[in-house]
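Chemist: Sequence first, then the predicted structure:
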There are 2 protein chains.
Amino acid sequence: MDNKRGRVTIREVAEAAGVDRSTVSRAFTRPQMIRPETTEHVLAVAERMGYSPNRLARALSTGRAANLALVVHDLTNPFIPRLIMGVQREADRAGYCIFIGNADENPRDEERLLSRFVSQVEGTILVASRLDSDRVEDFARMGPVILVNRDLEGLPRVLVDYTRGFGEAVRHLTGLGHRRIAYVGGPESSWSNTVRLEAVREAVNTAGAELVLLPAGKASFHAGLNMTDEIVSSDTTAAIAFDDILAQGILAGLHARGVEVPRQYSLIGCDDILGDMTHPALTSITTRAEETGAAAFRLMVERITAPDSVPERHFLTSDLVLRSTTGPAPDKSPRIVS
Amino acid sequence: MDNKRGRVTIREVAEAAGVDRSTVSRAFTRPQMIRPETTEHVLAVAERMGYSPNRLARALSTGRAANLALVVHDLTNPFIPRLIMGVQREADRAGYCIFIGNADENPRDEERLLSRFVSQVEGTILVASRLDSDRVEDFARMGPVILVNRDLEGLPRVLVDYTRGFGEAVRHLTGLGHRRIAYVGGPESSWSNTVRLEAVREAVNTAGAELVLLPAGKASFHAGLNMTDEIVSSDTTAAIAFDDILAQGILAGLHARGVEVPRQYSLIGCDDILGDMTHPALTSITTRAEETGAAAFRLMVERITAPDSVPERHFLTSDLVLRSTTGPAPDKSPRIVS
DNA sequence: TAGAGTTACGCAACCGGTTGCATAGCGAAG
DNA sequence: CTTCGCTATGCAACCGGTTGCGTAACTCTA
């Protein structure tokens, strides 16, 4: 029962059960190939000895590791844990294990992580990758890659269609009388930022309102806080922020400057990860983090089982979730001053 | 260059370089064993062919996987991503990859994850495990286990010594005139909750103040929100919450009931993960999430390299971080009513 | 220049599984 | 009772590395 490494191996089970190693292997992986009594006997012996197949050895010989890598741009963004949970829920059922890598918005780190994972996973899910397209394609040549929140021709990807969510958000605001609306932008290198901006621009045009662009550059609480001055002096009455974290910072900044939300200013976030944790509770555009993760996993399985299928572009819809940070546009006359 | 699996193998490099596979292997892992020119030549050929060693195969033959499992109780708690980043920072340098498993407060899930990881990792870090001691010890027999925020004799563990942080917190409150202080408890099954309560109890006794125990049971925003009534009717003037998330809920609840913080009520959180994101910014007891993760990894390495060393109990200290949710105790006379 | 010691490398076994192929043993058909 | 075909199992190669051991070639000493 004890070899030098401590764990029970297939050979020991085979000897104890009086069969060949291949029979033990088949009892676990292809029971229909062998007699039911044999399977039963082998499994009983294995159970008694506390045997379970070594996933490493199995992966080496089959070429299927039943692991996958999930590389994310920023672990501290609460969107990410939710997405991870979505991936894991699906992965769990399929018996997969997940490696996590935090690229920390840094392409070099991202690449290092990827190459460290590549030989022990069946595929990689890249969330909001900051790698340039060529590098992504290089990696995609080494194994299945699923992109999340990044749109690259030829690769399966799960994306959010922002038209509905941002459309609803803008119509909601214009319905409340807002005519000049700010979009507070996130990371320039992020696909999400580009398309969110596009969605808001289109919605604002359609509504015949006016858009003011205020790039924060980063999606962090402090970036939001630091944008407050610009927002206040932008002559807008409402803003849509790149994401909830940024919005949270803006909310804090507005409060600090004595601007009441939503009486004097309306604010909408995106990703819907804060629920009612802010005060007032943040109205937000939901992007379904868990569903996103689950969809990415399903695309991965599809890719693995049918590598030659046409790479699918999977779209999730977005919706406005109304809470308490939006209200009627204030009268223009009494301008807000610091 | 291409076998059926697409990746370049050591054999192909060996043939191309005109040496044995073992020489290629040594060029990568034991260059001092072979002539510098040979190493150089082999590495050049490998580089040109785009070869990199297969970690699976290496792990199988050496018994060292250079992977580790990190199983956490609740991914959505912002403390966890920080801790993960701490582990990863260290793991990265050492060339390790990290599997993540979210047990979701469920011992059965936790166990399933563990057994799925066990054959492909060198060790496991268990964060606030909800498994009963026997099961943990069973697993510890299969490979190195490091515990975080769980105190089990015989296993290396990283724990936080709360005496200083909670001592400072309580002295801070009593210094402000608070005499009756509430502790809003977290998950009953959590070691952290037990010792935090113990620390606060001792500090309150020492200070000659009075402690009121209000168990919330869970550490979530809503659990905090729901505790507000009890807090308001508890005749206390200040509370220390099990963690920041719970405190955030309480803060929201107090606000909703029109109780001004800190003018009418003082509140302190724990873990210091929210920074100044709340309003008012939450005073908190820091428990150094990233350092905790880093320390866990270091203990793991120690465990792997010297399995017979005495299991170390690594303590991190805690400190009070003053922000804006604490103030002088209000006059008792005008009681706060809903 | 022969013998001893050292160095750099090759050979082959091994890690723990999986799987294509060969075959023994069986029941059915002729 | 032979022949055929099928089924359950064993044999052995293989996945892609690592490593103990053996040895040819070289350096050093006498």
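Modeler: Done, it's in. Worth saying up front: this structure is predicted, and the values here are computed from it rather than measured.
Chemist: Where do the strands of chain A begin and end?
Modeler: A:67-72, A:97-102, A:123-127, A:145-148, A:157-161, A:180-185, A:210-215, A:238-241, A:266-271, A:283-286, A:313-317, A:319-321 (DSSP state E).
Chemist: who are the neighbours of the first one, in terms of helices and strands?
Modeler: Counting by 3 or more CB pairs under 8 Å, 6 or more residues apart in numbering or on different chains; DSSP states H and E, the packing neighbours recorded for strand A:67-72 are helix A:79-94, strand A:97-102, helix A:107-117, strand A:123-127. C-betas here are computed from N, CA, C, even on glycine.
Chemist: The first one and chain B in contact?
Modeler: Yes. Helix A:79-94 comes into contact with chain B when judged by CB under 8 Å from any CB of the partner chain, the residues involved being A:80-82, A:84-85, A:88, A:92.
Chemist: Might you enumerate the residues of the stretch 101-250 of chain A proximal to chain B?
Modeler: A:101-102, A:104, A:112, A:115-120, A:142, A:221, A:248-249.
Chemist: Among these, filter down to the buried ones and hand me the ChimeraX syntax, if you would.
Modeler: To isolate the buried members of these in ChimeraX, using 16 or more other CB atoms under 10 Å in any protein chain shown:
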select /A:101,102,104,116,117,118,119,120,142,221,248,249
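Chemist: among the residues of the stretch 101-250 of chain A next to chain B, which are in reach of DNA strand D?
Modeler: Applying CB under 7 Å from any atom of the strand to those, one finds that nothing falls near DNA strand D.
Chemist: Would you mind giving the residues of the stretch 101-250 of chain A next to chain B as JSON lines with pLDDT and distance to B:S133 added?
Modeler: Output for these, formatted as JSON lines (pLDDT from 0 to 100; distance: CB to CB, whole Å):
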{"residue": "A:G101", "pLDDT": "98", "distance to B:S133": "32"}
{"residue": "A:N102", "pLDDT": "97", "distance to B:S133": "32"}
{"residue": "A:D104", "pLDDT": "93", "distance to B:S133": "36"}
{"residue": "A:R112", "pLDDT": "96", "distance to B:S133": "38"}
{"residue": "A:S115", "pLDDT": "95", "distance to B:S133": "40"}
{"residue": "A:R116", "pLDDT": "97", "distance to B:S133": "34"}
{"residue": "A:F117", "pLDDT": "98", "distance to B:S133": "34"}
{"residue": "A:V118", "pLDDT": "96", "distance to B:S133": "39"}
{"residue": "A:S119", "pLDDT": "96", "distance to B:S133": "37"}
{"residue": "A:Q120", "pLDDT": "96", "distance to B:S133": "32"}
{"residue": "A:M142", "pLDDT": "92", "distance to B:S133": "43"}
{"residue": "A:F221", "pLDDT": "95", "distance to B:S133": "40"}
{"residue": "A:Q248", "pLDDT": "96", "distance to B:S133": "40"}
{"residue": "A:G249", "pLDDT": "97", "distance to B:S133": "43"}
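Chemist: Quick one: the residues of the stretch 101-250 of chain A next to chain B as TSV, columns for distance to DNA strand C too.
Modeler: Converted to TSV, those look like this (distance: CB to the nearest atom of the strand, whole Å):
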residue	distance to DNA strand C
A:G101	26
A:N102	31
A:D104	35
A:R112	26
A:S115	22
A:R116	20
A:F117	20
A:V118	19
A:S119	14
A:Q120	14
A:M142	21
A:F221	48
A:Q248	49
A:G249	51
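Chemist: tally of neighbours for the closest residue in space to A:R135 that isn't next to it in sequence?
Modeler: Using CB to CB, 6 or more residues apart in numbering or on different chains and skipping residues adjacent in sequence, the residue nearest A:R135 is A:E111, 6.4 Å away. A:E111 has 18 neighbours, counted by other CB atoms under 10 Å in any protein chain shown.
Chemist: Can you check the pLDDT for A:E111?
Modeler: Listed pLDDT for A:E111 reads 97.
Chemist: Test my guess that it contacts A:R130.
Modeler: No. If you go by CB atoms under 8 Å, A:E111 and A:R130 don't touch, sitting 10.0 Å apart.
Chemist: which one is A:F117 nearest to, not counting chain neighbours?
Modeler: A:A69 (3.8 Å).
Chemist: contacting residues for that neighbour?
Modeler: Going by CB atoms under 8 Å, 6 or more residues apart in numbering or on different chains, A:A69 touches A:98-101, A:113-114, A:117-118, A:121, A:123-125.
Chemist: do the same with A:R196
Modeler: For A:R196, counting by CB under 8 Å, 6+ apart, the contacting residues are A:162, A:166, A:183, A:186, A:242, A:270.
Chemist: What is the nearest of these to DNA strand C?
Modeler: Taking CB to the nearest atom of the strand as the measure, DNA strand C sits nearest to A:Y162 out of the contacts of A:R196, at 43.1 Å.
Chemist: mind listing what the closest residue in space to that closest one that isn't next to it in sequence touches?
Modeler: Spatial nearest neighbour of A:Y162, chain neighbours left out: A:A199 (3.8 Å); criterion: CB to CB, 6+ apart. By CB under 8 Å, 6+ apart, the contact list for A:A199 reads A:162-163, A:165-167.
Chemist: try 10 Å this time
Modeler: Applying CB atoms under 10 Å, 6 or more residues apart in numbering or on different chains to A:A199 gives the contacts A:160-167, A:169-170, A:183, A:240, A:270, A:285, A:318.
Chemist: Overlap in contacts, A:E111 and A:R130.
Modeler: A:103, A:136.
Chemist: Which residue comes closest to A:R150 once chain neighbours are left out?
Modeler: Nearest to A:R150 is A:W191, by CB to CB, 6+ apart, at 4.6 Å.
Chemist: Just give me the neighbour total for the one you found.
Modeler: A:W191 has 19 nearby residues by other CB under 10 Å.
Chemist: if we can go back for a sec, filter the contacts of A:R196 down to the buried ones.
Modeler: A:162, A:166, A:183, A:186, A:242, A:270.
Chemist: Was I right to think the second one contacts A:N205?
Modeler: So the one you mean is A:F166. No. Counting by CB atoms under 10 Å, A:F166 does not reach A:N205; the two are 11.7 Å apart.
Chemist: residues from chain A in reach of DNA strand C?
Modeler: So chain A meets DNA strand C at A:3, A:5, A:7-11, A:21-22, A:25-26, A:28-30, A:51, A:53-54, A:57-58, A:60-62 (CB under 7 Å from any atom of the strand).
Chemist: ok, and which of those reach chain B?
Modeler: A:5, A:7, A:53-54, A:57-58, A:60-61 (CB under 10 Å from any CB of the partner chain).
Chemist: Just those residues: which are in helices?
Modeler: Residues of those located in helices (DSSP state H): A:57-58, A:60-61.
Chemist: Could you list the buried residues of stretch A:267-276?
Modeler: Neighbour-count burial for stretch A:267-276 [16+ other CB under 10 Å]: A:267-274, A:276.
Chemist: how about that stretch, does it get close to chain B?
Modeler: Yes. Stretch A:267-276 is in contact with chain B by CB under 10 Å from any CB, via A:273-276.
Chemist: possible to save those residues as a markdown table with pLDDT and distance to B:G154?
Modeler: Listed next are the residues of stretch A:267-276 next to chain B as a markdown table, based on pLDDT from 0 to 100; distance: CB to CB, whole Å:
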| residue | pLDDT | distance to B:G154 |
| --- | --- | --- |
| A:I273 | 95 | 40 |
| A:L274 | 94 | 42 |
| A:G275 | 90 | 41 |
| A:D276 | 90 | 44 |
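Chemist: which one of those residues sits closest to DNA strand D?
Modeler: Looking across those and measuring by CB to the nearest atom of the strand, the closest to DNA strand D is A:I273, at 41.0 Å.
Chemist: Enumerate every residue touching the closest one.
Modeler: A:77-82, A:243-245, A:248, A:282, A:284, A:286-287, A:289, B:76.
Chemist: Then A:Y183?
Modeler: A:166, A:170, A:193, A:196-197, A:199-201, A:204, A:211-215, A:236, A:239-242, A:268.
Chemist: Run a quick neighbour tally on the closest residue to A:L274 other than its chain neighbours.
Modeler: For A:L274, ignoring the flanking residues on the chain, the nearest one in space by CB to CB, 6+ apart is A:D244 at 4.8 Å. Other residues within reach of A:D244, judged by other CB under 10 Å, total 28.
Chemist: Sounds good, over and out.
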